[in-house]
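A.B. asks: Any chance you could fold what I've pasted below:
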Amino acid sequence: MPTSSIDTFFACTVILAAALIATASVASTLQIQINDSQDLNKQSYLNALADHIINSPGTPSNWGTTNTSLTDFGLAASEAQSFSELDVNKINKLYNSSLWSSEFGASTSIYNTALGLKASQLLDIYIEQSGNSTINHLTTFTFNISTSINSKPTSANLRAYAKAENFESNITTSTAVNGRCNFSIEIPENATNTSFLIIFARAPIDSRLTSFVIYNIDNATQEFTSNDNILNIEGPINNRLTWNSNYSSLQIEKAEIFSFGYAQNVSVAQGTSYCMLPNLVDSSPQIIILNGHSNGSYFQTWTANPRIPFEIGSDFNQSEQNVFAYLITIKENLYKVEISFGDLQL
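C.D. replies: Model (predicted):
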């Protein structure tokens, strides 16, 4: 091949190779753009679904208080006075309802996709028992308390209630700017094995930032859900709290409701399995203590209104997790709700 032909051949080869590389580069870039567009569309779609769950009451709009089949899942209060205001009855119904597994996938228009819901308090409270001593049949417990928001120490006003058989006291104090304080309470020695310490904390910057924690003094552990199995408590729905038990000799004799600003007795008619709760005017979670006897022994158990914190749905161990977080209000108190979806199965 003449030299000029060889030069021409190599020049053409170089041009062709460059064109192929350029074409491959363009194709790769387009594929990335397509993938990015698909991811963006997926995120937008899932975000719209999450927004709908938070801001729509669902269908029927009062599904939290009825047994009607749920066709559209939404958590908003049907007569919400503000944006992202959730219905306390819907939250409480979700807490221990089989509705989650049977209807939610279809009611959110998602099929073969993992779905989860998590609700939590914004102000964290931690309790540490630092000591106890008994003198003259009174046991004194000393506690170290810390409060934080997003793991950052913060000051908070505290209202603590000590509750045991035939005994009740309360303390008002606060944590310092470092989020810490300590205090002591006295409980009759013979009642310590059934005693609770209930603590409410409220951020001075906003009364809607109010949280609770319960400390089981006998077990020396703090609780956000009751750890006993004496009663199965449902609700409250429309301020009606119901319960049932496998213990035939169990009898509920009294109920009490606590919030940051109030403590009040609640009447329980003998032989019934429910009580009606007063509508406390307080932007605070509520703790309901049920007192009674089983086989002749005193017991007390508790539940919260709303039933937060809780986490239901998929655990996402084997699934991609797309999380959408919201700051919401329930009964004028602030909480955080996270809605999670798995990867879309198209």
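A.B. asks: From the structure, what's the count of residues near the nearest residue to residue 42 once chain neighbours are set aside?
C.D. replies: Leaving aside its sequence neighbours, residue 42 sits nearest to residue 344 (C-beta to C-beta, 6 or more residues apart in numbering; 5.7 Å). Where C-beta positions appear, they are placed from N, C-alpha and C, glycine not excepted. If you count neighbours by other C-beta atoms under 10 Å, residue 344 ends up with 16.
A.B. asks: Wait, residue 344 touches residue 113, no?
C.D. replies: Yes: counting by C-beta atoms under 8 Å, residue 344 does reach residue 113; the two are 6.0 Å apart.
A.B. asks: thinking again about what came up before, who's in contact with the residue nearest to residue 42?
C.D. replies: The neighbours of residue 344, taking C-beta atoms under 8 Å, 6 or more residues apart in numbering as the test, are 42, 45-46, 113.
A.B. asks: In JSON lines: these, plus neighbour count, pLDDT and distance to residue 183.
C.D. replies: What follows is the contacts of residue 344, written out as JSON lines (neighbours: other C-beta atoms under 10 Å; pLDDT from 0 to 100; distance: C-beta to C-beta, whole Å):
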{"residue": "42", "neighbour count": "15", "pLDDT": "81", "distance to residue 183": "51"}
{"residue": "45", "neighbour count": "14", "pLDDT": "86", "distance to residue 183": "51"}
{"residue": "46", "neighbour count": "21", "pLDDT": "89", "distance to residue 183": "46"}
{"residue": "113", "neighbour count": "20", "pLDDT": "75", "distance to residue 183": "48"}
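A.B. asks: mind giving me JSON lines with the residues you listed and columns for distance to residue 63 and secondary structure?
C.D. replies: Compiled in JSON lines, those are given as follows (distance: C-beta to C-beta, whole Å; DSSP: H, G, I helix; E, B strand; the rest coil):
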{"residue": "42", "distance to residue 63": "28", "secondary structure": "helix"}
{"residue": "45", "distance to residue 63": "24", "secondary structure": "helix"}
{"residue": "46", "distance to residue 63": "22", "secondary structure": "helix"}
{"residue": "113", "distance to residue 63": "21", "secondary structure": "coil"}
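A.B. asks: Check those against residue 86 and report the nearest one.
C.D. replies: residue 46 (19.4 Å; C-beta to C-beta).
A.B. asks: didn't the closest one look like it was pressed against residue 324?
C.D. replies: Yes: using C-beta under 8 Å, residue 46 is in contact with residue 324, at 7.1 Å.
A.B. asks: which residues do these two both contact?
C.D. replies: residue 341.
A.B. asks: for residue 91, phi and psi?
C.D. replies: For residue 91, the backbone dihedrals (degrees, to the nearest 10) come out as phi -60, psi -50.
A.B. asks: and the closest residue to it other than its chain neighbours, how many residues sit next to it?
C.D. replies: Nearest residue to residue 91 in three dimensions, chain neighbours excluded: residue 306, at 4.7 Å (C-beta to C-beta, 6+ apart). By other C-beta under 10 Å, 23 other residues sit near residue 306.
A.B. asks: got it, and residue 258?
C.D. replies: 26.
A.B. asks: How about the one 5 residues further on?
C.D. replies: Residues contacting residue 263 under the criterion other C-beta under 10 Å number 17.
A.B. asks: same deal with the one 4 residues further on?
C.D. replies: By the criterion of other C-beta under 10 Å, residue 267 has 8 neighbours.
A.B. asks: Repeat that for the one 3 residues further on.
C.D. replies: The burial metric for residue 270, expressed as a neighbour count using other C-beta under 10 Å, is 7.
A.B. asks: Dihedrals phi and psi, it?
C.D. replies: Torsion angles at residue 270 (phi, psi; degrees, to the nearest 10) stand at phi -60, psi 140.
A.B. asks: got it, and the one 4 residues further on?
C.D. replies: Listed backbone geometry of residue 274 is phi -160, psi 170, with angles given as degrees, to the nearest 10.
A.B. asks: was I right about it contacting residue 240?
C.D. replies: Yes: counting by C-beta under 8 Å, residue 274 touches residue 240, with 5.8 Å between them.
A.B. asks: ok so residue 171 is a strand residue?
C.D. replies: Yes: assessed by DSSP: H, G, I helix; E, B strand; the rest coil, residue 171 belongs to a strand.
A.B. asks: mind checking how far it is from residue 61?
C.D. replies: As judged by C-beta to C-beta, to the nearest Å, residue 171 and residue 61 stand 42 Å apart.
A.B. asks: what's the answer for residue 239, then?
C.D. replies: Residue 239 is 19 Å from residue 61, by C-beta to C-beta.
A.B. asks: What of residue 248?
C.D. replies: The spacing between residue 248 and residue 61, counted by C-beta to C-beta, is 40 Å.
A.B. asks: more crowded one of these two?
C.D. replies: residue 61 (17 against 7).
A.B. asks: Now do the SS call for that one.
C.D. replies: coil.
A.B. asks: what domains does the record give for the chain?
C.D. replies: 1-118+314-323, 123-305 (automatic domain parsing).
A.B. asks: so how far is stretch 50-70 from its chain's centroid?
C.D. replies: Relative to the centre of its chain, stretch 50-70 is centred 18 Å away, using C-alpha atoms, centre = their mean, to the nearest Å.
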